[in-house]
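S.K.: Predicted model and sequence below, questions to follow.
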Amino acid sequence: SVSPKVFKSIYKYVLSTDITTMLTSSVPDGSFQFLEANEAEDFYLLSGNDFEFAFVSQTKIYGYDVKTSRMSCLTENLDAEVGDTIIGDFQQNVSDFPVKWINNEEYLFPVTEHGKLQVYKGNKKGKYEKLVDEKFHLTGGDLTGSKNIIAVTYSTFVKPSEVGLLDLSTGKIEVLYDPNADFVSEHMIVEPEMFWYRGADDWKIQGWYMPPITQEEKHPAILYIHGGPQVNYGETFFHEMQKLSGQGYGVILLNPRGGNGYGQEFVASILGDYGNKDYEDLMIGTDYVLEKHPNIDKNNVYLAGGSYGGFMTNWIVGHTNRFKAAVTQRCISNWISFYGTSDIGPHFVEFQLQQDLSNMEELWRMSPLAYAQKVETPLLIIHGEEDLRCPQEQAEQMYIAMKKKGVETKLITFPKSSHGLSRMGLPNLRLERMSAISDWFEQH
């Protein structure tokens, strides 16, 4: 395996003395970010990791004691991701829920766990406790002057976005303003059913099922795979899923291994193993939902995903013909040509797949394109023409392979569109993308 050293340092520069001090010198390898100093300016908070698991190393809270010049990890025994890794498509230009000092000794910090953004309180001695564990997604916040009250912006599965006051002692939010009140009153919004199931190796996997608004005796469903893979579905509003539900589809949302919010072993288990146990988690989860919801038409189950979800969509159609049609977006199809061409950095493939160009046979084995001759599923391919994360040639290779195989396929590229087309692209193009997806499923 390949494991280049990575170090992102934090320095303190004193203007009066012209002295520079490296705060992170005690950690031999890692990546860090300065957060905030307490009011007394005798203790700094940093977020970061020691890069033990490369890109998927959990973010921790570190403390730097100014008097002793010593840095230590304050959340070393907390097996959870500090910060927000929950995905949605509705929030725009929002700041994350912050790490914030309450006083000179204690601070608040967010943790992603089990699809929720929880609020913890920690102190300079490395003690911490969970204060809030509710079904919502905090997208911003600040102190109010009251001891247990903070102002927040937040979302839930059924609330697009609201402003309120969060009581840290009860976990309840007093709503101050709902900018989407008129929209919500005029539209039907579905609340998904959360569930746990046993995936590959009997691991516990979390998921949600969003039923269609019209409860027909037999209805189609879509397995929709998230990107990352080191992100996760969670308790936040997802407009695209609500729209598909409104069109009569059930939507299956799963958090297979490789995603965040379930511990370090869970998120790191995918390294060097794309398309194996994660694929099993998704297929087992789909079977679980179909068993629990017999009103889903098993002959009309569709597949979609973007980024890692696009890779996995390509992988799935090359390994099973169980889905009636599929949509792959901003995808990866060939790890060999992808190597070194993404804005995520030249070492991404080495970190994630634990292989480099010295072993192209293994990179090819993990490439969906290697299984193109087995594909029979009609495949719509969507890609942004300014996607620097997954270059457009990844989509083009998959498209040509489908054409050569004789599989029904279509390639749609979007101008002026980056990797984030579906969430922050131009509004007219976002509408066109959604229409293209809906039309593909309707045609099949």
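M.R.: Yes, it's here. Keep in mind the model is a prediction, meaning the values are calculated, not measured.
S.K.: show me what contacts the most centrally placed residue in the chain?
M.R.: Nearest to the mean C-alpha position of the chain, by Cα atoms, centre = their mean, lies V231 at 2.2 Å. Shown in contact with V231 (Cβ atoms under 8 Å, 6 or more residues apart in numbering): 85-87, 259-260. Quick note: C-beta positions are derived from backbone N, CA and C, even for glycine.
S.K.: all helices in the stretch 51-200 of the chain, in order from the N-terminus.
M.R.: 181-186 (DSSP state H, counting those that start in this stretch).
S.K.: residue boundaries of the strands in the stretch 301-444 of the chain?
M.R.: Assigned by DSSP state E, counting those that start in this stretch, the stretch 301-444 of the chain shows strands spanning 326-329, 379-384, 409-414.
S.K.: Burial-wise, tell me which of those comes out on top.
M.R.: strand 326-329 (a mean of 28; mean count of other Cβ atoms under 10 Å).
S.K.: burial of M71, as a residue count?
M.R.: Neighbours of M71 under the rule other Cβ atoms under 10 Å: 21.
S.K.: no wait, D343
M.R.: With other Cβ under 10 Å as criterion, D343 counts 12.
S.K.: same deal with K124?
M.R.: Neighbours of K124 under the rule other Cβ under 10 Å: 17.
S.K.: and if you look at P256?
M.R.: Every residue meeting other Cβ under 10 Å relative to P256 is counted, giving 29.
S.K.: For it, list the residues it contacts.
M.R.: Contacts for P256 (Cβ under 8 Å, 6+ apart) come out as 199, 205, 229, 278, 281-282, 285.
S.K.: just K116 next, same as before
M.R.: 86, 133-137, 234-235.
S.K.: Specify the beta-bridge partners of it.
M.R.: E113 (DSSP bridges).
S.K.: Can you give me the distance of it to I86?
M.R.: For K116, the distance to I86 equals 8 Å [Cβ to Cβ, to the nearest Å].
S.K.: Now the common contact residues for the two.
M.R.: Residues touching both K116 and I86 comprise 137, 234-235, with contact defined as Cβ under 8 Å, 6+ apart.
S.K.: Mind putting these into a markdown table with neighbour count, distance to Y107 and pLDDT?
M.R.: Shown next, in a markdown table, are those (neighbours: other Cβ atoms under 10 Å; distance: Cβ to Cβ, whole Å; pLDDT from 0 to 100):
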| residue | neighbour count | distance to Y107 | pLDDT |
| --- | --- | --- | --- |
| H137 | 25 | 21 | 96 |
| G234 | 32 | 23 | 97 |
| E235 | 23 | 24 | 97 |
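S.K.: returning to that earlier point: filter the contacts of V231 down to the buried ones.
M.R.: When the contacts of V231 are checked for burial by 16 or more other Cβ atoms under 10 Å, the buried set is 85-87, 259-260.
S.K.: returning to what we had before: turn the strands of the stretch 301-444 of the chain into CSV, columns for distance to E361.
M.R.: Below are the strands of the stretch 301-444 of the chain laid out as CSV (distance: least, Cβ to Cβ, whole Å):
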stretch, distance to E361
strand 326-329, 24
strand 379-384, 26
strand 409-414, 27
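S.K.: I'd like to know which helix or strand in the chain has the lowest mean pLDDT.
M.R.: Within the chain, no helix or strand scores below strand 7-8, which has a mean of 69 by mean pLDDT, DSSP states H and E.
S.K.: Just after that strand, pick out the following helix or strand.
M.R.: strand 11-14 (DSSP states H and E).
S.K.: Check which helices and strands that next one sits against.
M.R.: For strand 11-14, the packing partners by 3 or more Cβ pairs under 8 Å, 6 or more residues apart in numbering; DSSP states H and E come out as strand 19-22.
S.K.: Pairing partners for the strand it packs on, with directions?
M.R.: strand 11-14 (antiparallel).
S.K.: returning to what we had before: of the contacts of K116, closest to S422?
M.R.: Within the contacts of K116, the smallest distance to S422 is 15.7 Å, found for I86 (Cβ to Cβ).
S.K.: What sits closest to that closest one if chain neighbours are left out?
M.R.: Among residues not flanking I86 along the chain, G234 sits closest, at 3.7 Å (Cβ to Cβ, 6 or more residues apart in numbering).
S.K.: That neighbour: what secondary structure?
M.R.: Per DSSP: H, G, I helix; E, B strand; the rest coil, the local secondary structure of G234 is coil.
S.K.: wait, doesn't it sit right on E81?
M.R.: No: G234 is beyond contact range of E81, at 11.7 Å (criterion: Cβ atoms under 8 Å).
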